[in-house]
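Q: 3D, please:
(one chain, ligands or ions: 1)
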Amino acid sequence: MAENGLFLDDVTIALNGQTLVSVTHRVAPGDVLTVMGPSGSGKSTLLAYIGGFLPPAFEASGRVFSGDIELTALPAEDRHAGILFQDPLLFPHMSVGGNLVFAIPEAVKGKAARAALAETALEGVGLAGMAGRDPDTLSGGQKARVALARALLSSPRMLLLDEPFSKLDANLRGQMRELVFSKARDGSLPVLLVTHDEADAQAAGGAVIRIGAA
Ligand SMILES: Nc1ncnc2c1ncn2[C@@H]1O[C@H](COP(=O)(O)OP(=O)(O)OP(=O)(O)O)[C@@H](O)[C@H]1O
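A: Sure thing, here's the model as predicted:
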């Protein structure tokens with residue numbers, strides 16, 4: 001397998017003794033694995049297991065690899081997953097630039113260098129010059145782009161996406177999908193996409209797994 005693919009090796013997650021998810025799958029760098037299923041079927045739970053923040057109510061087994069690195073026992077902060085949720089979840093008390101700089105790994109030193117990286121990331125999502133803006137002054141689509149820039153700045157090994165397009169209108173949704181998937185391809189990042197929307201799955205173009213199908 002190429003270097004930074006995501007491998008789910010016999011991952012099984014149960015709640016109260018009942019299996020919700022059972023999956024073995026490889027996601028190549030730049031490819032998308034779409035997870036679909038009815039509400040409550042365990043889609044976000046699978047994402048949480050991969051990300052390292054599965055709530056204690058669940059019982060889980062199976063291994064998660066990023067390339068050759070096994071993530072299963074690592075804390076969330078050491079898994080290097082870039083995560084996007086339905087809400088962009090920007091810190092309201094920080095500028096857009098502050099939100100981005102916050103995500104840059106500490107190994108990157110120097111205020112000016114960090115600010116420059118943040119500005120480049122903003123340019124990369126079509127928001128050049130917006131670092132000084134207050135997040136509350138941005139549109140929903142702009143906030144979604146900032147959240148994407150922030151995820152990419154964290155030097156992720158993968159992207160975990162939990163319904164990230166569902167609050168955008170149809171036009172923005174299409175643009176944002178294209179932007180996210182092209183960034184994943186450019187960065188050779190494997191993507192796990194949780195969605196209810198068949199059009200998201202189609203745009204993602206990769207494999208689809210359906211869990212808890214009624
Ligand atoms: N922290 C928790 N403790 C106990 N049960 C939980 C917890 N979080 C979720 N659940 C339950 O686990 C099951 C799977 O939830 P999950 O959020 O993964 O579903 P989902 O497929 O993502 O649903 P949706 O499409 O509505 O977001 C549901 O029955 C839910 O009620």
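
Q: and the closest residue to residue 121 other than its chain neighbours, how far from residue 39?
A: Leaving out its chain neighbours, the residue that sits closest to residue 121 by C-beta to C-beta, 6 or more residues apart in numbering is residue 149, at 4.1 Å. Backbone N, C-alpha and C define where each C-beta goes, glycine included. Noted for residue 149: a distance of 30 Å to residue 39, by C-beta to C-beta, to the nearest Å.

Q: same question for residue 181.
A: For residue 181, the distance to residue 39 equals 24 Å [C-beta to C-beta].

Q: right, and residue 99 touches residue 148 too?
A: No. Contact criterion C-beta atoms under 8 Å: residue 99 and residue 148 do not qualify, at 11.9 Å.

Q: tally of neighbours for residue 134?
A: Residue 134: 13 surrounding residues under other C-beta atoms under 10 Å.

Q: remind me, longest helix of this structure?
A: For the chain, the helix with the greatest residue count under DSSP state H is helix 170-186.

Q: list the buried residues of that one.
A: Neighbour-count burial for helix 170-186, counted by 16 or more other C-beta atoms under 10 Å, picks out 172, 173, 176, 177, 179, 180, 181, 183, 184.

Q: turn these into CSV, including pLDDT and distance to residue 68.
A: As requested, the buried residues of helix 170-186 are exported to CSV (pLDDT from 0 to 100; distance: C-beta to C-beta, whole Å):
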residue, pLDDT, distance to residue 68
172, 90, 38
173, 92, 36
176, 93, 32
177, 95, 30
179, 94, 30
180, 95, 26
181, 97, 25
183, 95, 24
184, 96, 20
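
Q: may I ask which two of these are separated the most?
A: 172 and 184 (18.3 Å; C-beta to C-beta).

Q: following element in sequence after the helix or strand encompassing residue 193, please.
A: In this structure, residue 193 sits in strand 191-194 according to DSSP states H and E. Sequence order places helix 198-204 as the next helix or strand after strand 191-194, per DSSP H and E.

Q: and that following helix, what other elements does it pack with?
A: When contacts are defined as 3 or more C-beta pairs under 8 Å, 6 or more residues apart in numbering; DSSP states H and E, helix 198-204 sits against strand 32-36, helix 170-186, strand 191-194.

Q: now that helix, how far from the centre of its chain.
A: Distance of helix 198-204 from its chain centroid, counting by C-alpha atoms, centre = their mean, to the nearest Å, is 16 Å.

Q: quick one: buried residues of it?
A: 200, 201, 203, 204.

Q: mind putting those residues into CSV with pLDDT?
A: Below are the buried residues of helix 198-204 laid out as CSV (pLDDT from 0 to 100):
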residue, pLDDT
200, 95
201, 96
203, 95
204, 96
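
Q: out of those, which one sits closest to residue 59?
A: Among these, and counting by C-beta to C-beta, the member closest to residue 59 is residue 201, at 28.4 Å.

Q: in this structure, where is pLDDT below threshold?
A: 1-2, 213-214 (pLDDT under 70).

Q: with that, I have no additional questions.
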